[in-house]
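Peer 1: Whatever this is, show me its structure:
(one chain, ligands or ions: 1)
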Amino acid sequence: MARKKKEPKTPSVRETFGLDKIHFSDRILPFLGLLLIAIAGFMAFAFISYFGTGAADQSILENPRAGEILNLNGEFTNSCGSLGAKVSWFFIKKCFGLPAFLIPFFLLLVGIRMLLTYKVNLLKWFMCLTLIMLWSSLTLAKFLSPLFVDMHYNPGGDYGQTACDVVEGLVGTPGLTLLLIILAIAFLTYLSAETIIIIRKIFNPLRYAKKIHMEIQVGKGEPEADTPTLETVEDPEVFDDPDAQIVEFDQVNDPQTEPIPTLQRSETPGNKGLSTEPVADDSAVEMTVDTGEKEEKATGKNLAGENGSLSTPYDPKLDLENYHYPTLDLLKKYDDDGKPYIDMVEQNANKKRIVDVLRNFGVEISSIKATVGPTITLYEITPAPGVRISRIRNLEDDIALSLSALGIRIIAPIPGKGTIGIEVPNAKPNIVSMESILNSKKFQETTMELPCALGKTITNEVFMFDLAKAPHLLVAGATGQGKSVGLNAIITSLLYKKHPSELKIVLVDPKKVEFSVYSSIEKHFLAKVPDDNADPIITDVTKVVRTLNSLCKEMDTRYDLLKIAQARNIKEYNKKFISRQLNPENGHRFLPYVVVVIDEFGDLIMTAGKEVELPIARIAQLARAVGIHMIIATQRPTTNIITGTIKANFPSRIAFRVGAMIDSRTILDRPGAQQLIGRGDLLYLNGGEPVRVQCAFVDTPEVERINTFISQQQGYTSAFELPEPDTADGDLGEAADVDMSHLDPMFEDAARLIVMNQSGSTSLIQRKFAIGYNRAGRLMDQLERAGVVGAAQGSKPREVLIQDEVSLENILNQLRH
Ligand SMILES: Nc1ncnc2c1ncn2[C@@H]1O[C@H](COP(=O)(O)OP(=O)(O)OP(=O)(O)O)[C@@H](O)[C@H]1O
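Peer 2: Okay, here's the model as predicted:
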């Protein structure tokens, strides 16, 4: 180098032969990768051939003669020649036996990594494979060698046999066996924490069976003292499992004597494993706590009881205190994660073309800057002084044509800057993995209430929004553009951040296939209207109406609770509840957020019309403060589905690619979505200008793994129960309970309206009398009981059984007497 400085004009040897243009990472590394893959293949062939030819070759290898290794006379029978014979003899016979196959496997991984095909954590693989190889050599040598006495090799190799003999000499066969088992468990524990759970189960299967039994007790909400599990209190086994204890003390014991231990224990962080704090200790408090009440929330009731002096904050997570949040290893990592590939040739070509096109149209620019995102590159252009921005905007089509790519979007000007943005899709788009988003500091340190990690912006920043502030989200886009993946990404990020006690999800899926994967987390995160056989994922239109009405009722109840608690929103309310300012005996409870996700909302509107739209609009208008948030998605972004009411109530919108500009206008009130490139490319709007985001990709197997991880843990005994909705059109069989002695003052008018119109529609009553849905529903039930209309028929209007006003007056007369 020194020489080079002194004689800058003399070309170096590298320059002379053009070697300076060959970059290590571009060409040499991939070539070395290929070489390693070839070596791995060679070794694998040689090893396989060794099983048949090793015996014959061995004698030559063990007594080598000069020149023999060249195999000129073809004495070596291994299909990979003398080298193959030697390599396989060395690794299989002399070293590790059968586990030696892991060596070519590792070389293959290194080769793949160097080829830059997949991202492989080589150090981790090296450690794991080495440990497996050493351990299995020993194990095979110990346990399988008796079966291989006639073979020319030991299954664990000479190393395995020697190591086995040495250790056995030291600690004997039992010692060696135990050592091998311990090493295996240690290794499996390193790989997955589940190992310990499985071992616990093996050592104490009874306790786990019992735990399940006790959970069932909780769910029934029967804290009666006479439940058969009462005895379990005396079972010493219980004491080492904090989970089991809580359930037990809470739900199983005689409330007269022992309800407090839960309280005491759960409130004192350090002692939760030591349940056995003598019962006598708690006797002073037991009376106060005993309400003998129902449901999981009972913990809260007990906690506040009438003991106002309790100062430790209530912890809603104690119901499932051993719950583990899903881990990042459940998500798939991608090769090019987070690091967009910068192809300078492509960048320079795009830049040249943009400059040329603009120049052809007489637009001069003073500078251009490219920001490469995962799927899009943003070219920021500063026009020369005096150039009008509208002129550049008018050239949008010409620029797109000249760049011969879809999805060019021109932002003129970029808000807050005096520049013009041209977004051009990358030739090689990167997948933004969910793992890279959830692993980001931004997500992990977020203080958002309901953080939804959506993906990455075109400047490679993690993009998140708070659903609690959104407060409702409309997702639309043509079919196959990434809506379902987007919804999964949102749900996944919530599952990674929220404890089951803090979040409940209502899933509506008329397509029946999109959300079925979530049914396994029913007992942790899902909410539904009580119905014994109901699938936790709502697919049926009548059930959707019922659920939406139930949510309206839950909303009303929550508002009442907030009012009594003098809290303005759910956050304030829960804060008060946690600090024990609200007494559960007065009906107060910790309120989890409820997120309602409706896929293919267009289908629902088409089949159930106003019956769905009205409660949705009502929830969207009011539910924000009480922690009920909606996400609705549709692949039909037309004005009869995304109506004015819906739009007015869904300020946050996500548009995936759509077919026409008009659709983009319907979703975002502006064009742009028709120029997206699909596969998760989206525009997010929440007031102001839309942000272009590449949605994180989360595949179905990943979602399955997350759900399995959650569902394998202890959950509540059933899905979160939403209140039974007040009778409504879409509801069945409620009329029988209607009290006809207290008819609604509007009953007669409603009856006349229905008979005159010959239409048994609840919404008709609502409209004409300007009353709420619930009251109109009750009126309809009274009319059914009086025989004016027939039974509810799902979402259709009821049949009107009275044909003329004279017959109706007769009925009304009878009812008056
Ligand atoms: N964020 C993404 N990154 C990469 N590829 C994606 C992304 N989102 C979607 N895709 C690709 O697009 C395909 C279709 O996505 P998805 O099923 O989410 O579309 P959709 O809009 O829900 O379609 P439909 O309305 O028909 O259900 C996926 O199988 C995947 O291959």
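Peer 1: Next, work out how far apart the residue lying closest to Lys512 once chain neighbours are set aside and Thr547 are.
Peer 2: Nearest non-adjacent residue to Lys512, counting by Cβ to Cβ, 6 or more residues apart in numbering: Thr539, 4.6 Å away. C-beta here means a position set from N, CA and C on the backbone, and glycine is covered the same way. Applying Cβ to Cβ, to the nearest Å, the value for Thr539 to Thr547 is 11 Å.
Peer 1: cool, Ala476 as well?
Peer 2: 22 Å.
Peer 1: next one: Leu176
Peer 2: Applying Cβ to Cβ to Leu176 and Thr547 gives a distance of 61 Å.
Peer 1: Looking at those two, which one has more neighbours?
Peer 2: Set Leu176 next to Thr547 and count neighbours by other Cβ atoms under 10 Å: Thr547 wins out with 26 against 21.
Peer 1: list the contacts for the residue nearest to Lys512?
Peer 2: Going by Cβ atoms under 8 Å, 6 or more residues apart in numbering, Thr539 touches 508-512.
Peer 1: For those, pick the one with the most neighbours.
Peer 2: Val508 leads those on contacts (other Cβ under 10 Å) with 26 neighbours.
Peer 1: And for the closest residue to the ligand within the stretch 301-450 of the chain, the neighbour number?
Peer 2: Closest to the ligand within the stretch 301-450 of the chain is Ile431: 5.2 Å, counting by Cβ to the nearest ligand atom. By other Cβ under 10 Å, 19 other residues sit near Ile431.
Peer 1: re the thing from before, ok, the residue nearest to Lys512 to the ligand distance?
Peer 2: 15 Å (Cβ to the nearest ligand atom, to the nearest Å).
Peer 1: from what I can see Ser440 touches Val462, true?
Peer 2: Yes - with contact defined as Cβ atoms under 8 Å, Ser440 counts as touching Val462 (4.5 Å).
Peer 1: Of these two, which one has the most company?
Peer 2: Val462 (22 against 17).
Peer 1: and the more buried one, how far is that from Glu75?
Peer 2: Distance from Val462 to Glu75, by Cβ to Cβ: 64 Å.
Peer 1: same question, Arg618
Peer 2: Taking Cβ to Cβ, one finds Arg618 at 89 Å from Glu75.
Peer 1: who's more crowded, the two?
Peer 2: Neighbours around Arg618 and Glu75, counted as other Cβ under 10 Å, are more numerous at Arg618. The numbers are 20 against 14.
Peer 1: which residues does that one contact?
Peer 2: 552, 555, 773.
Peer 1: Turn those into JSON lines, including distance to Lys201.
Peer 2: Shown next, in JSON lines, are the contacts of Arg618 (distance: Cβ to Cβ, whole Å):
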{"residue": "Cys552", "distance to Lys201": "44"}
{"residue": "Met555", "distance to Lys201": "42"}
{"residue": "Tyr773", "distance to Lys201": "50"}
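Peer 1: contacting residues around the residue of the chain found nearest the ligand?
Peer 2: Distances between the chain and the ligand by Cβ to the nearest ligand atom are smallest at Gly680, namely 2.3 Å. Residues near Gly680 by Cβ under 8 Å, 6+ apart: 375, 432, 455, 481-482, 485-486, 656, 694-697.
Peer 1: Which ones among those residues map onto helices?
Peer 2: 485-486 (DSSP state H).
Peer 1: got any ranges where the stretch 551-700 of the chain has weak pLDDT?
Peer 2: By pLDDT under 70, the stretch 551-700 of the chain contains no weakly predicted segment.
Peer 1: again, only this time at 80
Peer 2: 583-587, 608-611 (pLDDT under 80).
Peer 1: And the helices in it?
Peer 2: For the stretch 551-700 of the chain, the helices defined by DSSP state H, counting those that start in this stretch occupy 570-578, 601-608, 610-622, 644-649, 661-668, 700-711.
Peer 1: quick one: which of the ones you listed is nearest Leu129?
Peer 2: helix 700-711 (23.5 Å; Cβ to Cβ).
Peer 1: Please identify the residues of the protein in proximity to the ligand?
Peer 2: 431, 477, 479-485, 635, 679-680, 695, 697 (Cβ under 6 Å from any ligand atom).
Peer 1: Can you flag the buried ones in the residues you listed?
Peer 2: 431, 477, 481-485, 635, 679-680, 695, 697 (16 or more other Cβ atoms under 10 Å).
Peer 1: check which helix or strand covers the most centrally placed residue in the chain.
Peer 2: Geometric centre of the chain, nearest residue: Thr492, 1.8 Å, by Cα atoms, centre = their mean. Following DSSP states H and E, one finds Thr492 within helix 483-497.
Peer 1: Equivalent analysis for Ser718, please.
Peer 2: Using DSSP H and E, no helix or strand contains Ser718.
Peer 1: and it, how many residues sit next to it?
Peer 2: 20.
Peer 1: now it: how far from Leu526?
Peer 2: Taken as Cβ to Cβ, the span from Ser718 to Leu526 is 10 Å.
Peer 1: again with Phe105
Peer 2: Distance from Phe105 to Leu526, by Cβ to Cβ: 42 Å.
Peer 1: for Lys498, same thing?
Peer 2: From Lys498 to Leu526 the distance is 13 Å (Cβ to Cβ).
Peer 1: ok, the two, which is more surrounded?
Peer 2: Leu526 (25 against 20).
Peer 1: ok, the more buried one to Ile631 distance?
Peer 2: For Leu526, the distance to Ile631 - Cβ to Cβ - is 15 Å.
Peer 1: For Leu320, report the pLDDT, please.
Peer 2: At Leu320, the pLDDT value in this model is 82.
Peer 1: Going forward, count from 40.
Peer 2: Let's use 40 as the start, then, which means that last one is Leu359.
Peer 1: can you pull the contacts of it?
Peer 2: 282, 538-540, 563, 752-755.
Peer 1: at 7 Å instead, please
Peer 2: Taking Cβ atoms under 7 Å, 6 or more residues apart in numbering, we find Leu359 in contact with 539-540, 753-754.
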